[in-house]
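# Compute the structure for the input listed below.
(chains A, B, C, D and E, ligands or ions: 4)
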Amino acid sequence: MSQSVADVSPFRDRLTISAISQYGPIIGLVGLYVAFALLNDRFLTVGNQVNVLQQVSIIGIMAIGVTFPILCAEIDLSIAQVMEVSGLTIATLAVGARLFEGFAVPVPLAILAGLALGAAFGTVSGYVTARFGVPSFMTTLAMLFLADGFGLIVSNNRPIIGLPESITAIGGSSVFGFPSIVLVFLSLLVVSQLILSYTKFGLYIYAVGGDRTAAERMGINVMAVRMGTLVISGIFAAIAGLVTLGRLGSAVPTMGASLLLPPIAAVILGGANLFGGSGNMVGTLIGVLILGVLGNGLNLMGVDPSGRLVAQGIVLMLAVLANVVGQD
Amino acid sequence: MSQSVADVSPFRDRLTISAISQYGPIIGLVGLYVAFALLNDRFLTVGNQVNVLQQVSIIGIMAIGVTFPILCAEIDLSIAQVMEVSGLTIATLAVGARLFEGFAVPVPLAILAGLALGAAFGTVSGYVTARFGVPSFMTTLAMLFLADGFGLIVSNNRPIIGLPESITAIGGSSVFGFPSIVLVFLSLLVVSQLILSYTKFGLYIYAVGGDRTAAERMGINVMAVRMGTLVISGIFAAIAGLVTLGRLGSAVPTMGASLLLPPIAAVILGGANLFGGSGNMVGTLIGVLILGVLGNGLNLMGVDPSGRLVAQGIVLMLAVLANVVGQD
Amino acid sequence: GGDGGDGGDGGDGTAGDGGTETTGDGGDGGTGTTEGTEEGTTGGGSTPTVALSVPSLEFTFFARMENAFNQAKSDGMISNESAFYDAGNSQSQQVSDVEAAISNEVDFLMISAITAEGVINAIRQANEAGIPVVAIDRNVAQGETVTYVASDNVQLGQRSTELCLSFMQESGDADTYNVVQLEGTPGASVTNERGEGFQQAVDDNDSLNRLASQTGEFSTQNALSVMEDFITQYGDEIDGVFCQNDLMALGAHQALNNADMSVPVTGIDGTEAWVQLFADNQYYGTIAQLPEEMVNTAIESGKAHLAGESVEDTIVIEGLEVTQDNASNYLSEYFG
Amino acid sequence: MTQPTQSDADHIVEMEGITKTFGEVVALRDVTFELRRNEVLALAGDNGAGKSTLIKCLAGALRPDSGTIRVDGEVVEIRNPRQAKELGIETTFQDLAVAGNLTVAQNIFLGREEVTGPNTMLGVLDKRAMRERARELLEDLEIRVDVDEKVANLSGGERQLVSISRTLLSDPKIVIMDEPTSALSVEGAERVLELISQMQNQGISIILISHNLDYVQRAADRIHILHQGHSAGVIDGPTADRDDIVSRMVGGMPDEERGERPADV
Amino acid sequence: MTQPTQSDADHIVEMEGITKTFGEVVALRDVTFELRRNEVLALAGDNGAGKSTLIKCLAGALRPDSGTIRVDGEVVEIRNPRQAKELGIETTFQDLAVAGNLTVAQNIFLGREEVTGPNTMLGVLDKRAMRERARELLEDLEIRVDVDEKVANLSGGERQLVSISRTLLSDPKIVIMDEPTSALSVEGAERVLELISQMQNQGISIILISHNLDYVQRAADRIHILHQGHSAGVIDGPTADRDDIVSRMVGGMPDEERGERPADV
Ligand SMILES: Nc1ncnc2c1ncn2[C@@H]1O[C@H](COP(=O)(O)OP(=O)(O)OP(=O)(O)O)[C@@H](O)[C@H]1O
Ligand SMILES: Nc1ncnc2c1ncn2[C@@H]1O[C@H](COP(=O)(O)OP(=O)(O)OP(=O)(O)O)[C@@H](O)[C@H]1O
Ligand SMILES: [Mg+2]
Ligand SMILES: [Mg+2]
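Residues are numbered from 1 along each chain as shown, chains lettered A, B, ... in the order given. Ligands and ions are numbered 1, 2, ... in the order given. Predicted structure coming up:
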């Protein structure tokens, strides 16, 4: 908030928004890095760091997506199931299996259909929320059930293997030795941060998230913004489903299991306000990394499952505390 | 808000707070009852209705507990795991097994220890939240991991059977032909609603949930209130764990699985604001019943799993829409 | 220390080793296949109305049960009002499912419990309502049951681990073989039992060494991440991977593949997708469970009980060892 | 009602028979309100008289239970503030509509950002230009706040000034100001009064709500008084008798005027 | 600083060397402020001068970066508004501290509810009694709002009146009012001024912040003026020259006074 920074031009206000959250959460992350680097020699190897990135990419993509509604004081509980059903739809359509037995379509079309499905779920919950004022908690919960049911129907509840290379390459290949899934994740992150920082839509998300009534009175199309954020999070969930196909090499009907809380936790861990109006993608990245590094480090150290849970609890608490203390 | 009602004395303002939410959600519930009564003859039998109550009791008790933090603009993500670890602790202590091999304690002491453990989790997350301003989303997420880990340690990952009658009777016996678990649930509901409506603490929860800064400036001990709500939700989760022992007839290390979302969903479905300041226990009861009746009705009709999920999605969406339309 | 729960019940049966092909239905079980008619069961008619409650259709295993159940329905083995319940992995939901079945007054109830102990009261209610209970796949800890039809998870774990050992021995000679285990959801009885089988195999075979063990929570994705971390930590030390289910084997395979490693991987369940992968890997395998047979055997046992015949307490359905050799047979047999 | 439509030309806004209730609270009952082209019309009344409710109906923040609104002679339905803005109606609300989590510059431009490239939702913000213009604007108005400060951090008066400065950026036909000077210092208020007369000179028609009768008398051509949700008459501004204003605010329409339409409409 | 402590008896509040910065914004720099026993002291200054910041430090809503506060001669640390209340300091904040989701009666009593039985957190509220007293109180003050209405539904002025009526219920030694009349009609403001003089008669010491110089001059014994975070002197209220006030508000402490302590402290 210094007057002197005021002239540093374009990048300046990304820093402002971040300033509050960004330099906080990073303390927890750095602490984790230091701890694990001291405790385990393989942790800091390039290979392992690339692994971590790879492991967090799916959660990361979903976290980016759900950052939009959270900034707008909405929530999306359907991301895990939308991710699942979209992935399964792309797979079954491309292979021509299960529900689409004999109706194989070209890969690009299958992908488009999957993304459109994700967008459709977001559109329905977004519309009901924005138009009728039903809390997005409820509308997206309904979508959670719907998407889950559709997933069962589409896949006939069995894994699909033998996916075309052109699909699995998106999330499962290497580009100059770097995992493609990580590139997808990071590109989406950058694009999303640019949208937030440099477009009207991004600005309006903060405005609506901060004070919906004021935003409405200042002439913002609040309905469109609220709906838009849920559509985006649906699309991002679908993209996560798409890259999961490449990461797993197959489409598994349970691939969304327990993928609801981690993305949302990453967003909050990254300093976003669950009640809207503040946060950003850089924070989300940090939150995603904290969760990923924590899991990876404990795996490397071979902690047993119960010890692992206890350690996760304690370290998480310390990390968030460090973040908050770091902000003061 | 009519002036004429203003004099109807003591009960009056419970109606005020409720008026907004209570008469809304009930439309969805009534609609469900009518639909299932028409579709299935066994649905409206006394036996089945008692069943429904029995089925919702555990979720209901957790929902009551988590209503407190939600009204106060906090959230508790640890309820399912706290429920688990408390139940397991009571069971192992009473039987003297696993971690407490050979250290059997009298049943009342075991129960007290379990409830104290639940309260302890709430105290830790509540303290860190209230004192350092770490969002309760994060502190209770940390507690989720911790409680989960402790649960595994306490139970050594294995179910405990052969619980003393005096423990299982609390959640698993009948009183005049009425399931004891339902009585526990309804008594807790009444007590909680009384606390909300008639005590200073209850009033302060609404004040803090509505506007924390204003409440602070008006001289309310905001820290104590925020912390208090999380302690309460920990204790209620522990009580849920206790009665689960009676309902299941044993203590199972995974008994909290997928019990996070339903209680919170019930609270929101009951018209409470996720962002704090409005809602009540009557609403929570209605929300719990909507979820319970929906599951029970679809079970009775023998809808297949995918159809069931789809139906749940659609009906839930209609129910929340009905609620919102009903409020206008 | 009352370790009452974990699957000790099924552990005894253990008839001949299961390398055979087990064509046809219900070959191995104890009871004969009483195909004939049933005289006057309740509910009017020879086809009883039954209910089958399973933990979660998220697992293909139970989806196959559902298919077998529906098949039995359309074959007229059970009435059309028979209901299938999916508990969505929720303990209390399963209790509710049982209660729904009881209020529907089914002729008998088949249940695969999420945990043996979680349904004690539900079973008691069924007993009180006079509804016979057949336990499938997972037993119940207390209460009256007609019989318990299941694979033996301890045995499955041991056999799969030993299958992995035999692969390791085939692929290279060594004094000791380091195996890593991917466990299921902590606290779940299957996890405990399969883990016990793994431990037995390690104890029984001096050449087998447990290198590491971590939970993959039965999920492909978690297994993939855990396996990646195992590879980072142990690298070439890993000689083989035992997964407590096939979905995790898919994840382990993917991680090994990405790391250009080729070591034996075995799972349990006989999941279609995993078996399909065998085609080009001689060191992959699984011990397949045969849910179809469990359901059919359970229905027959239930009908036999209704007909007044006596039924054995425990019927073990042997797991079927599936490797590259019999993969295509297996697939065409069960996934047509 | 007997008035023929010929008067339309004089009135840029005509609100007729506006009634608005909240539950059993009647905030406005059958209020008729007319704003002449290019005049400054003050809206006065005791606390809770219904002033804010009335202008909210015109600004699209509330929808009346009954009554018609004409803007430029045409009957309009104003469903939300965006529609009001499309009709050229710009409003400063009493409970300031500002986004506390955004900066001063962002608030000033919110809803009408300058973009490079096509002006869609995904239009790229020209932040530098907006910051520049915001800074100039604030300097013009002698408002000493940093354009990059978050509005939540401003003092009460500063926040009000930001809210007012928003009206200057658009090109409105009608400006509504609900208590624009309530938190301002004497100098701040003076500047706002100047601003109002500048806007009038530019041909804008203005509705001003204020409890400060000095300001009202200085700025307003006419004064419309509300009393407990009813119209209490319209009187001339500069020449008005202060006691008359106050007695209408406190006691409502004088008996002699009751039943007839105010003479000067 | 050369002043011996003997003056303590006269001053119920002494704030010395108060500095408060927000990031790089200096809201208050080395401000010394003294409130005499049983006086009405007005705090005046341009928008953003630091008035609200100063009284927030005394009310426990903000903690100064440096400086000492003495109440009744004793150095105190006021960590939160509850501590301020314990010291007998009751405050009406500029951005009204009211709970919009609670009723008028609940707001009036919030933090000092009447309970039957022991007065703990679980004390049982005596709702009927509170509603009765709230109704009487509002009637006394001629505030026409329903005690069961939610405060969020009130008009701006009504909300302000509710906030002010809170001060009457406690038994404060010091009352701080930050712009209490900003949203009030002329009559409403009159009533508040009366209230202030009543409180003064009861022996309460009062700090009044207002931009309305008429009200300030009528009510205040002395006027303390702030200019851009610095003290711009203290002058006598009723006899003050209005131009002097304004010039200090706009230009700060006159040169001749600079460097010396205001004579009349
Ligand atoms: N949302 C609402 N719900 C219930 N009553 C309301 C609502 N909004 C306004 N009112 C009531 O309507 C009446 C008129 O309110 P309004 O805000 O128009 O008054 P006002 O003339 O602007 O007063 P002020 O000068 O205090 O701002 C008041 O009695 C108020 O309590
Ligand atoms: N939380 C904050 N963060 C940053 N700056 C702040 C904050 N609070 C106040 N300020 C700044 O401190 C200065 C003094 O603010 P203060 O609210 O005390 O002014 P004031 O004298 O009460 O003005 P007004 O008459 O407009 O209410 C202002 O410039 C304001 O922008
Ligand atoms: Mg108003
Ligand atoms: Mg101020």
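
# For the rest of this, base every contact and every neighbour count on C-alpha atoms.
Noted.

# residue in the stretch 1-150 of chain D nearest to chain B?
D:Glu24 (5.4 Å; C-alpha to the nearest C-alpha).

# C:Asp97: how many residues sit nearby?
28 (other C-alpha atoms under 10 Å in any protein chain shown).

# Return the distance of it relative to chain B.
Distance, C:Asp97 to chain B, by C-alpha to the nearest C-alpha, to the nearest Å: 7 Å.

# Then C:Asn205?
C:Asn205 is 26 Å from chain B, by C-alpha to the nearest C-alpha.

# and that residue, what pLDDT?
With respect to pLDDT, C:Asn205 scores 95.

# that older thread, the residue of the stretch 1-150 of chain D closest to chain B - how many residues pack around it?
10.

# I believe C:Thr47 is in a helix; please confirm or correct that.
No: secondary structure of C:Thr47 (DSSP: H, G, I helix; E, B strand; the rest coil): coil, not part of a helix.

# mind listing what's buried in the helix or strand containing D:Glu14?
Element membership for D:Glu14, per DSSP states H and E: strand D:11-22. Buried residues in strand D:11-22, defined by neighbour count with 16 or more other C-alpha atoms under 10 Å in any protein chain shown: D:11-20.

# I would like the residues contacting the next helix or strand after it, please.
The first helix or strand that comes after strand D:11-22 along the chain, using DSSP H and E, is strand D:25-36. For strand D:25-36, the external contacting residues (C-alpha atoms under 8 Å, 6 or more residues apart in numbering or on different chains) are B:2, D:10-21, D:41, D:48-50, D:53-54, D:67, D:205, D:207, D:224, D:228-231, D:265.

# now do 7 Å
Contacts to strand D:25-36, defined as C-alpha atoms under 7 Å, 6 or more residues apart in numbering or on different chains, come from residues D:10-21, D:41, D:50, D:53, D:229-231.

# Stretch C:239-259 now?
Taking C-alpha under 7 Å, 6+ apart as the rule, stretch C:239-259 contacts A:248-249, C:161, C:164, C:168, C:177-184, C:194, C:216, C:218-221, C:223-224, C:227-228, C:262-271, C:274.

# just the buried members of those?
Of the contacts of stretch C:239-259, these count as buried by 16+ other C-alpha under 10 Å: A:248-249, C:161, C:164, C:168, C:177-184, C:194, C:216, C:218-221, C:223-224, C:227-228, C:262-271, C:274.

# what about A:Phe132, neighbour count?
14.

# What of the one 10 residues further on?
Neighbour count of A:Ala142, defined by other C-alpha under 10 Å: 28.

# Against chain E, how distant is the closest residue to it other than its chain neighbours?
Distances taken as C-alpha to C-alpha, 6 or more residues apart in numbering or on different chains place B:Gly313 nearest to A:Ala142, at 4.2 Å, with adjacent residues excluded. B:Gly313 sits 32 Å away from chain E, going by C-alpha to the nearest C-alpha.

# between the buried residues of strand D:11-22, which is nearest chain E?
D:Lys20 (13.6 Å).

# Quick check: that closest one touching D:Pro64?
Yes: D:Lys20 is within contact range of D:Pro64, at 5.0 Å (criterion: C-alpha atoms under 7 Å).

# before we move on, the earlier item: inside helices: which ones of the buried ones among the contacts of stretch C:239-259?
A:248, C:161, C:164, C:168, C:194, C:220-221, C:223-224, C:227-228, C:274 (DSSP state H).

# Quick check, D:Asp148 in contact with D:Asn101.
No: using C-alpha under 7 Å, D:Asp148 is not in contact with D:Asn101, being 11.3 Å away.

# where exactly do the helices run in chain C?
Using DSSP H, helices in chain C cover C:60-74, C:91-103, C:120-128, C:153-171, C:189-204, C:220-234, C:246-258, C:272-277, C:291-306, C:327-335.

# Let me know the angle separating the fourth one from helix C:189-204.
Think helix C:153-171. 50 degrees (axes from the mean of the first three to the mean of the last three C-alpha atoms, to 10 degrees).

# Tell me how far helix C:153-171 lies from the chain's centre.
Chain-centre distance of helix C:153-171: 16 Å, with C-alpha atoms, centre = their mean, to the nearest Å.

# and the gap between whatever residue of the stretch 1-150 of chain A ends up closest to ligand 1 and chain D?
Of all residues in the stretch 1-150 of chain A, A:Gly133 sits closest to ligand 1, at 16.9 Å by C-alpha to the nearest ligand atom. Going from A:Gly133 to chain D by C-alpha to the nearest C-alpha gives 15 Å.

# Okay, domains of chain D per the record?
D:6-88+D:172-264, D:97-155 (automatic domain parsing).

# For residue 211, give me its contacts.
In the absence of a named chain, chain A is used. Counted by C-alpha under 7 Å, 6+ apart, A:Asp211 has contacts D:Ala99.

# I was after chain D.
D:44, E:184-186.

# between those residues, which is closest to A:Ala272?
If you rank those by distance to A:Ala272 using C-alpha to C-alpha, E:Leu184 comes first, at 38.6 Å.

# what's the neighbour count on the closest one?
Around E:Leu184 there are 25 residues (other C-alpha under 10 Å).

# what helix or strand is it on?
Applying DSSP H and E, one finds E:Leu184 in no helix or strand.

# which residue packs closest to it, ignoring adjacent ones?
That would be E:Gly157: by C-alpha to C-alpha, 6+ apart, it lies 5.0 Å from E:Leu184.

# which phi and psi does the one you found have?
Torsion angles at E:Gly157 (phi, psi; degrees, to the nearest 10) stand at phi -70, psi -40.

# and it, what does it touch?
With C-alpha under 7 Å, 6+ apart, E:Gly157 has these contacts: D:47, E:183-184.

# Please identify the helix or strand for the nearest residue to D:Ala232 once chain neighbours are set aside.
Ranked by C-alpha to C-alpha, 6+ apart and with sequence neighbours excluded, the top spatial neighbour of D:Ala232 is D:Met253, at 4.0 Å. Following DSSP H and E, there is no helix or strand that holds D:Met253.

# Now do D:Met253, the pLDDT please.
The model's pLDDT for D:Met253 equals 81.

# where do the helices sit along the stretch 101-250 of chain D?
D:104-109, D:127-140, D:156-169, D:186-201, D:213-219, D:242-251 (DSSP state H, counting those that start in this stretch).

# Could you report the separation of C:Met261 from chain B?
In terms of C-alpha to the nearest C-alpha, C:Met261 sits 33 Å off from chain B.
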